[in-house]
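Novice: Quick one, structure for this:
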Amino acid sequence: PNPARDHLFIETGNHQRMTGYRITVVNLQGGEVFSTNVEQPLYEVNLSTWTGKGMYLIKIIDPAENVIDTRKIVLQ
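Specialist: Numbering: from 1, shown residues only. Next comes the predicted model:
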């Protein structure tokens, strides 16, 4: 759900085609709050450890470190 409160679900679709890709979530100051290699079709991220409410960016990064897609999420 967006905005999110306590959990965020990230679907990667056909994760087998995304070998070497990473998912990162950063705050608007550029601080990384979550990062993982894409190895499964769905990730559940616990937001209770994140320090602030507001907007965050989810980035999909390919093996050459190119940002393939960026999405915005809001933490309430």
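Novice: end-to-end on stretch 59-72?
Specialist: End-to-end distance for stretch 59-72, by Cα to Cα, to the nearest Å: 9 Å.
Novice: Buried ones in it, by neighbour count?
Specialist: For stretch 59-72, a neighbour-count test (16 or more other Cβ atoms under 10 Å) marks 59, 60, 61 as buried. All C-beta atoms are positioned from the backbone trio N, CA, C, and that covers glycine.
Novice: surely the second one meets residue 21?
Specialist: So the one you mean is residue 60. Yes: between residue 60 and residue 21 there is a contact at 6.2 Å, judged by Cβ atoms under 8 Å.
Novice: Identify the contacts common to these two.
Specialist: Counting by Cβ atoms under 8 Å, 6 or more residues apart in numbering, the contacts common to residue 60 and residue 21 are 38, 68.
Novice: So, low pLDDT: which residues of the chain?
Specialist: Across the chain, residues meeting the criterion (pLDDT under 70) sit at 1.
Novice: All set now, cheers.
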